[in-house]
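Q: Sequence first, predicted coordinates after that:
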Amino acid sequence: MRRFIKNEAIAPAIHAFRTLERTDFHTYNQQLTPEERRALNFIGRAISLQSSEHLALALETKQPMMDVDRLLVDLIQTDQRTSLFRQLLANGLDLNHLVTIDGHRSLVRQPLSFPVGLYTVYNHELFTIALQAGLDLTYTTTLQRSDRFLETDEINTLDIVLLLTHEEELDEKSLQMFRHSTTVGLVERLHRSKSKNLQPIIEDTNYVVSFRYAKHFPLFYAIVGRQTDQFPKMLEDALKDPNQPDIIKDALLAFHNYQPGLAASLGQTYYESLFEIGNQLKSRGHVDFNAVDDQYVLAEYFDIVQRLRG
């Protein structure tokens, strides 16, 4: 069995980097293997130190850029984010390099591949610089449909951003810079209660009103997720759409949908918000709840529908 021999250059290389002893760092860096340079991740260390000098030293010694997605997320937390980001761009950071995340990091539980530069969406200033540097927002990929075997939906960069499970809040100004309308990304957010950052997308109608996802239109998912803030504008969009009758008819199927987890977390609001939404369907959508067949109304909602019939 081969004996493990520790590289004695590692500790002094770390010390020389931290203290900016440039000559020593160059010397010890040459004694490191490519694997050791990747493990030591000096570019990541420079970002953590929020130091342009440390980053310059890492870049001039051709240190590898490791875990660029995490690097960009960490960069957003720093006070020197703009200058450090520009340094990275000037030294070869490829914003359109495709990264693939595991399914557990997306709302659809499927792996997603996308340009790594999309991670700058959390900060409007960095996102603007990224677009100026050539970040491609026209990128598209496909997603396996949940309702039809071997069929896929095409998704764009706005969909991808909405499908990521986020540790940071999305920047609403950044969301307004996407020009391609969302489909899957929006509906996956809608049926989760009080999803944030949807306002600019809904206000600008930057979504496909008549898109069907797992047999339902976005308005249906807005009701399921009790999106009371977004519902008035979405109802307005639906009433203007050529498919208005089908969208409204489909929306009523939400009265046959019950989410135990959501009901438990919202309590009585889960039911009262449905009455509020139903009232808008009645007054603005001209829905006659007396014509709604009882078999399409869950027992949990029967009292609500009775109030709407009054």
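A: The structure has been received and is ready for your questions.
Q: CA atoms for contacts and neighbours, from now on please.
A: Fine.
Q: Which helix or strand lies directly C-terminal to the worst-scoring helix or strand of the chain on mean pLDDT?
A: Across the helices and strands of the chain, the lowest-confidence element by mean pLDDT, DSSP states H and E is helix 260-266, at a mean of 87. Using DSSP states H and E, the helix or strand that follows helix 260-266 in sequence is helix 269-283.
Q: tell me which residues of that following helix are tucked away?
A: By neighbour count, and taking 16 or more other Cα atoms under 10 Å as the criterion, the buried residues in helix 269-283 are 270-271, 273-281.
Q: Quick check: the farthest pair among these?
A: Comparing every pair within those by Cα to Cα identifies Tyr270 and Leu281 as the most remote, at 17.0 Å.
Q: contacts for stretch 41-49?
A: Contacts of stretch 41-49 from elsewhere in the structure, counted by Cα atoms under 8 Å, 6 or more residues apart in numbering, are 52, 54-55, 58-59, 63-66, 71, 74-75, 78, 84.
Q: from those residues, which would you call buried?
A: When burial is judged by neighbour count using 16+ other Cα under 10 Å, the buried members of those are 52, 54-55, 58-59, 63-66, 71, 75, 84.
Q: How about the least confident helix or strand of the chain, which residues are buried there?
A: By neighbour count, and taking 16+ other Cα under 10 Å as the criterion, the buried residues in helix 260-266 are Leu262.
Q: That helix - contacts with which helices or strands?
A: Helices and strands touching helix 260-266, by 3 or more Cα pairs under 8 Å, 6 or more residues apart in numbering; DSSP states H and E, are helix 269-283.
Q: helix or strand right after the helix it packs on?
A: Past helix 269-283, heading to the C-terminal end, the next element that is a helix or strand (DSSP H and E) is helix 302-309.
Q: thought Val208 was touching Thr183?
A: Yes. Contact status for Val208 versus Thr183: in contact at 5.9 Å, counting by Cα atoms under 8 Å.
Q: ok, the two, which is more surrounded?
A: Per other Cα atoms under 10 Å, whichever of Val208 and Thr183 has more neighbours is Thr183, with 24 against 16.
Q: and the more buried one, how far is that from Arg212?
A: The spacing between Thr183 and Arg212, counted by Cα to Cα, to the nearest Å, is 8 Å.
Q: Same question for Ala130.
A: Here Ala130 is placed at a distance of 32 Å from Arg212 (Cα to Cα).
Q: now swap in Asp79 and tell me
A: 43 Å.
Q: neighbour count winner among these two?
A: Residue environment comparison for Asp79 versus Arg212 gives the larger neighbour count to Arg212, 15 against 10, counting by other Cα under 10 Å.
Q: backbone phi and psi for the more buried one, please?
A: When read as degrees, to the nearest 10, the backbone of Arg212 gives phi -100, psi 130.
Q: per-residue pLDDT, it?
A: The model reports Arg212 with a pLDDT of 94.
Q: ok so, going back, which ones among the buried ones among the contacts of stretch 41-49 are found in helices?
A: When DSSP state H is applied, the buried ones among the contacts of stretch 41-49 are split such that 52, 54-55, 58-59, 71, 75, 84 fall in helices.
Q: what's in contact with stretch 67-75?
A: Among residues not part of stretch 67-75, those counted as contacts by Cα under 8 Å, 6+ apart are 44, 47-48, 81, 84-85, 99, 116-117, 119-120.
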